[in-house]
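Asks: return a 3D structure for these sequence lines:
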Amino acid sequence: MSHAVANHFDVVVIGGGHAGVEAAWACCNLLEPLGLRTALITMDASKIGVMSCNPAIGGLAKGQLVREIDACGGLMGLATDATGIQFRLLNTSKGPAVHGPRAQCDKHRYARRVQAMLATRQGLAVIQGSVESLVTDRGSIRAVRIANAASTVAPGADGRSTYAAIGAPGPIELSCSAVVLTTGTFMRGLMHIGEVQREGGRAEEGAAVGISACLASLGFELGRLKTGTPPRLRRGTIDWESLEPQHGDVEPTPFSDLTATTDHDEAFPSLATFPVLSQVECRQTRTSKAIHALIRENLHLAPMYSGQIEGVGPRYCPSLEDKVVRFADRDSHGVFLEPESLEDDWIYCNGISTSLPARVQDAIVRAMPGCERAEILRHGYAVEYDMVRPHQLLAGGMTKRVAGLFLAGQINGTSGYEEAAAQGLVAGINAARLAAGSPPDFTFGRDQAYIGVMMDDLVTKTPLEPYRMFTSRAEHRLLLRADNAADRLTPLAGSLGLLSGPLGKRRLEMFRAKQSRMARLNDAIDRTSHEGRPLEKLLRADAFDVADLRRALPDEPFDRSAWQTVLADRRYETYVVRQRAEIRRQADMEHRRIPAGIDYLSLVNLRTEAKQALHRFRPETFGQASRLEGMTPADVSILAVVVRSRRDATPDA
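Replies: Here you go, the predicted model:
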């Protein structure tokens, strides 16, 4: 990693959270072979990759996002596998299309691993400071101004940072071709515990104030959202053994296809002994009627209910106050006590996010079974922050208003590490393409990846609450499984240039080897009968699993990843054929471009609601137009006639 600060970087990434690091990593993958440079600007370099809320990666649908990031050469899967302390595959009672890999991570080791991975990139400079304004010229990004730059930072392999002074601390301006803005919860961040308020994006950190005003001055429509976090407890003060355990999988499944092979690159210590770290168990406790009564008595002190907070919170990850109000018929809610690290005794209380006053939180915690004497190390709090309404984005992450400015993460109204990292990947790809002289128009299709579903949802709908990925959002989820992420996306990543360097080469080798093993296994299935019936028909039954397949084919070399994918492909084969036929049928409309510059409000044949939706979102394709709020199939047909008539009138357009 370079220590020197130049006056020009090809791409500048602002923010060192999960979106920022994935964007910077993608930029390095694409730009380093060209000799081009990336800068990552963060307020505190020691907080790069920090897991500010639950130290867990993956889950339902989120696990698919991480697998897709990994298939495209990203870093989140590798960092998770190196630092996971409990791995679980969720939803195993249902089919493989909705299985969700999840890992509880050691939060300290995770951040250090991310920092160490970034330190291997020769084309990356990390600059410590706060960006307060963006410089534009004729509607395009030209530079960023850092108000208080003090040093460049190079995290070493041991996770410790070394600093090189820029000179006299103060404002500097860096010219650039593209900017990826990933402010997380820091943009005018305001934290709440009861009536107590403090500026900041997370505990013990400040807020980014100037960037909101800068975006507003550029004409962006901003919104205000809220998220929250629960109390942390000291494990030694919990009656741990009295509580029901929650164990991880006996045979953990890694997130990265490279996990067992990273010894092929000396920059990454071998993970061949996966899992690397000692595995832990979580415990479960519950709230009660008495706790719910206590919360109702103190609702007037909760910032969400007192009117102190303007922003809207996440409906699918509500605070405990929200749960008690919205689910008034429930006598209790489960609370998972999850270790945050092997290096300390902090316990995360998953399920009781709250911003109630500290004294009320104390009473709630000590009323839960096993927590009667629990010491609270940090009280829960809410964070209110600014975001940019994502209808102002293109599906590739670039803003419509300012060319070269890309947004990723919670600034776009999303919630979660995985959603942020996936947006960082997309924005990083397109920012790097722009810097290298290629069109910044790469997108994933809804039929290609959960990442494509998310990006399309963001630009065709107005989120009224933080967006969270679910399997139900993906109409082609039988195609978008966690087990086949590499089969879907690694060849695409290779064609984009994302798989540069030794790790990328090894990833392609592993992909080709898996394809070969799958072909051999499919051939064996087609040639084999088992218990008097063709094997290819037997394995379509839901009860038929990988163990059954191994018994039916005892002489075939076993590879869990390849066998799971083949089994899932065979089980869903009939449905997949139908889905692919439907995708082909809709392909023309999905990708047909809509000319820019149409004055939708002047179109006389469209309903008012449709005109307003088209004017607000300005979709790029008819596929996007068909998914806009307020659009009907009849509206899309009328729009197609309008566009066709205009093209006929101006054939050279």
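Asks: okay but Val98 is in contact with Thr471, surely?
Replies: Yes: assessed by CB atoms under 8 Å, Val98 is found in contact with Thr471 at 4.7 Å. Any C-beta I mention is one placed from the backbone N, CA and C, and that applies to glycine too.
Asks: pull up the overlap in contacts between those two.
Replies: Leu60, Arg477 (CB atoms under 8 Å, 6 or more residues apart in numbering).
Asks: where does the residue of the chain positioned farthest from its centre land on pLDDT?
Replies: Distance from the centre of the chain peaks at Gly532, with 47.1 Å (CA atoms, centre = their mean). pLDDT for Gly532: 89.
Asks: quick check: the gap between it and Leu567.
Replies: As judged by CB to CB, to the nearest Å, Gly532 and Leu567 stand 20 Å apart.
Asks: the stretch 51-200 of the chain: strands as residue ranges?
Replies: For the stretch 51-200 of the chain, the strands defined by DSSP state E, counting those that start in this stretch cover 56-58, 84-90, 100-105, 124-128, 131-137, 140-155, 161-181, 190-193, 196-199.
Asks: stretch 318-331: how far from the chain's middle?
Replies: 27 Å (CA atoms, centre = their mean, to the nearest Å).
Asks: cool, stretch 171-186 as well?
Replies: The answer for stretch 171-186 is 20 Å, by CA atoms, centre = their mean.
Asks: in that stretch, what's buried?
Replies: Residues of stretch 171-186 classed as buried by neighbour count (16 or more other CB atoms under 10 Å): 172, 174, 176-186.
Asks: out of everything not next to it in sequence, what's closest to Arg481?
Replies: In space, and not counting its chain neighbours, Arg481 is closest to Ala97: 5.2 Å by CB to CB, 6 or more residues apart in numbering.
Asks: how many residues are close by the one you found?
Replies: 23 (other CB atoms under 10 Å).
Asks: longest helix of the chain?
Replies: Identified as the longest helix of the chain according to DSSP state H is helix 501-527.
Asks: need the next SSE after that one, C-terminal direction.
Replies: Counting by DSSP states H and E, the next helix or strand C-terminal to helix 501-527 is strand 529-530.
Asks: and that next one, how far from the chain's centre?
Replies: With CA atoms, centre = their mean, you get 43 Å for strand 529-530.
Asks: looking at the strands of the stretch 51-200 of the chain, which is buried most?
Replies: When you average the neighbours per residue for each of the strands of the stretch 51-200 of the chain (mean count of other CB atoms under 10 Å), strand 56-58 leads with a mean of 28.
Asks: give me the helices and strands touching that one, please.
Replies: helix 76-83, strand 100-105, helix 417-435 (3 or more CB pairs under 8 Å, 6 or more residues apart in numbering; DSSP states H and E).
Asks: swap the cut-off to 7 Å and go again
Replies: When contacts are defined as 3 or more CB pairs under 7 Å, 6 or more residues apart in numbering; DSSP states H and E, strand 56-58 sits against strand 100-105, helix 417-435.
Asks: that older thread, grab the two from the buried residues of stretch 171-186 that are most spread out in space.
Replies: For these, the maximum inter-member distance is 27.7 Å, found between Ser177 and Thr185 (CB to CB).
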